[in-house]
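S.K.: Structure of the sequence below:
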Amino acid sequence: MPGTPTPGMIVTGGAGFIGCNFVRHALEHAGARVLVLDKLTYAGSLESLADVKGDPRYRFVEGDIGDRRLVEQLMAEFRPTAIVNFAAESHVDRSIDGPSAFIQTNIVGTFELLEAARHHVDGLGDAERDAFRFLHVSTDEVYGSLGAAGLFSEDTAYAPNSPYAASKASADHLVRSYFHTFGLPAVITNCSNNYGPFQFPEKLIPLMILNAIDGKPLPIYGDGANVRDWIYVEDHCAGIRLALERGRPGEKYNLGGANERSNLQVVDRICEILGDELPAADNPALDDRASYSELKTFVPDRPGHDQRYAIDSSKAQSELGWRARHDFESGIRESVRWYLAERDGWCHAVTTGRYERERLGLGS
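M.R.: Residues are numbered from 1 along each chain as shown. Below you'll find the model as predicted:
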């Protein structure tokens, strides 16, 4: 029932950035058994779950959400009362270079997962059916681009502008349709830009931190004026848990950090914090540069780059009792410190042979 812990959940994409943080959050706060199903693509790694592998409530299965036979087998065996779907291709730049994987995982994979969940729920008793939740984790990018004013609400019309955003919008519509057509007790959350520990270094914040440490250029798209609303990943995970426990089936909830920053502001703040944590004079990779900011390099913009995202989280605040606890200043400093500490550990392990921080998303 809403308001009670979920005793057993399947977390798809649980070896990825937000997923692995949610697994830890669920084990700590939800009193849940957690089965992680992950395909272990380039951005998913068991290194991100190494600290929970000894927990008897945790189990990992390597597999694809598009493999309905496997998913149905796991549901029959594990008998989850919740499915939390993080599984997705998620990098806009990669969706420009190769949209096909985004269509297969984000749309077809979500469809197969929904079908397996629908048949699972059909076999439950009334009480189990009432307690079951299918929570689909989505993004604010489905709404398109904002001008200088305004916020995305749950009623904002969808207007995706990248293959990634379009694939997530399609998945959202599928999830909504399964509630209205088949009665699947589904909830959708749409979040703003996440940051924090275990984020694959193709994304802006970890890429800038690691490049700066290594004395490499800090590539800023266009003029750096594109604005995002940043949410610390732990705050996002808390919102997802509360949406599971208190969210109404058929509803969607926007989860934002209320921390708008331009890309240039983000890079400048990272450079300033690194100057405190690892002064330029103590970092031989900077050669004779007096500061990390000298590494900033403006590069051609991403095709179709949305100008601004910002989220209205008032519905989540009023109905779920959720509010982001981290402001950007505290969250970004924690992130810089984490990547400094994990540069030769987790960062090296997950990127070696997978990604050399090369430019993506030129659409060539």
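
S.K.: For residue 249, which non-adjacent residue is closest in space?
M.R.: residue 185 (3.9 Å; C-beta to C-beta, 6 or more residues apart in numbering). Every C-beta, even on glycine, is put in place using the N, C-alpha and C of the backbone.

S.K.: Please report the number of neighbouring residues for residue 353.
M.R.: The local packing of residue 353 (other C-beta atoms under 10 Å) involves 7 other residues.

S.K.: does it sit in a helix, a strand or a coil?
M.R.: coil (DSSP: H, G, I helix; E, B strand; the rest coil).

S.K.: Report how many residues lie close to residue 73.
M.R.: 14.

S.K.: buried sites along stretch 215-223?
M.R.: For stretch 215-223, the neighbour count (16 or more other C-beta atoms under 10 Å) marks 215, 218, 219, 220, 221 as buried.

S.K.: meant to ask about stretch 63-76, not that
M.R.: Using 16+ other C-beta under 10 Å as the test for burial, stretch 63-76 gives 63, 64, 65, 66, 67, 68, 70, 71, 72, 74, 75.

S.K.: What lies in contact with that stretch?
M.R.: The contact list for stretch 63-76 (C-beta atoms under 8 Å, 6 or more residues apart in numbering) reads 10, 12-13, 35, 37-39, 61, 85, 87, 104-105, 108-110, 112-113, 115-117, 119-120.

S.K.: Could you do stretch 335-349 as well?
M.R.: 45, 47-48, 195-198, 201, 205-206, 209-210, 213, 270, 273-274, 277-278.

S.K.: average pLDDT across that stretch?
M.R.: Per-residue pLDDT over stretch 335-349 has a mean of 97.

S.K.: Stretch 280-292 now?
M.R.: On average, the pLDDT along stretch 280-292 is 95.

S.K.: for that stretch, the distance to its chain's centre please.
M.R.: Centre-to-centre, stretch 280-292 and its host chain are 33 Å apart (C-alpha atoms, centre = their mean, to the nearest Å).

S.K.: could I get that stretch in PDB with only the CA atoms?
M.R.: Output of stretch 280-292 as PDB, limited to C-alpha atoms (Å, rounded to 0.1, in the frame of the first residue of the first chain):
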ATOM      1  CA  ALA A 280      46.900  24.700 -10.000                       C
ATOM      2  CA  ALA A 281      50.400  25.300  -8.600                       C
ATOM      3  CA  ASP A 282      50.400  21.700  -7.100                       C
ATOM      4  CA  ASN A 283      49.100  20.000 -10.300                       C
ATOM      5  CA  PRO A 284      51.900  19.300 -12.700                       C
ATOM      6  CA  ALA A 285      49.400  18.500 -15.500                       C
ATOM      7  CA  LEU A 286      48.600  22.300 -15.800                       C
ATOM      8  CA  ASP A 287      52.300  23.100 -16.800                       C
ATOM      9  CA  ASP A 288      52.600  26.900 -16.400                       C
ATOM     10  CA  ARG A 289      48.900  27.700 -16.300                       C
ATOM     11  CA  ALA A 290      47.900  29.800 -13.300                       C
ATOM     12  CA  SER A 291      44.400  28.400 -13.100                       C
ATOM     13  CA  TYR A 292      42.100  25.700 -14.300                       C
END
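
S.K.: how about the residue nearest the centre of the chain, what does it touch?
M.R.: Centroid check for the chain by C-alpha atoms, centre = their mean gives residue 18 as the closest residue, at 4.4 Å. Shown in contact with residue 18 (C-beta under 8 Å, 6+ apart): 86, 137, 194, 233, 236, 237.

S.K.: Let's see that with 6 Å instead.
M.R.: Counting by C-beta atoms under 6 Å, 6 or more residues apart in numbering, residue 18 touches 86, 194, 233.

S.K.: need those residues in a markdown table with neighbour count and pLDDT, can you?
M.R.: Below are the contacts of residue 18 laid out as a markdown table (neighbours: other C-beta atoms under 10 Å; pLDDT from 0 to 100):
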| residue | neighbour count | pLDDT |
| --- | --- | --- |
| 86 | 27 | 98 |
| 194 | 23 | 98 |
| 233 | 23 | 98 |
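
S.K.: What is the nearest of those to residue 260?
M.R.: Using C-beta to C-beta, residue 194 comes nearest to residue 260 of the contacts of residue 18, at 14.6 Å.

S.K.: hmm, back to that, can you tell me which of the contacts of residue 18 end up in strands?
M.R.: residue 194 (DSSP state E).

S.K.: returning to that earlier point: I'd like the secondary structure assignment at the residue nearest to the centre of the chain, please.
M.R.: Per three-state DSSP, residue 18 ends up helix.

S.K.: Check it and give its pLDDT.
M.R.: Listed pLDDT for residue 18 reads 98.

S.K.: Strands of this structure, start to end?
M.R.: Under DSSP E, the chain gives strands at 8-12, 33-38, 58-62, 82-85, 133-139, 186-191, 193-195, 218-221, 227-232, 252-255, 260-262, 296-299.

S.K.: Give me the sheet partners of the last one and which way each runs.
M.R.: Meaning strand 296-299. strand 218-221 (parallel) (DSSP bridges).

S.K.: still on that earlier bit, quick check on the contacts of stretch 335-349: which are buried?
M.R.: 45, 47-48, 195-198, 201, 205-206, 209-210, 213, 270, 273-274, 278.

S.K.: From residue 131, how far out is the residue lying closest to residue 299 once chain neighbours are set aside?
M.R.: Of all residues not flanking residue 299 in the chain, residue 219 sits nearest, at 4.6 Å (C-beta to C-beta, 6+ apart). Applying C-beta to C-beta, to the nearest Å, the value for residue 219 to residue 131 is 48 Å.

S.K.: Residue 289 too?
M.R.: 58 Å.
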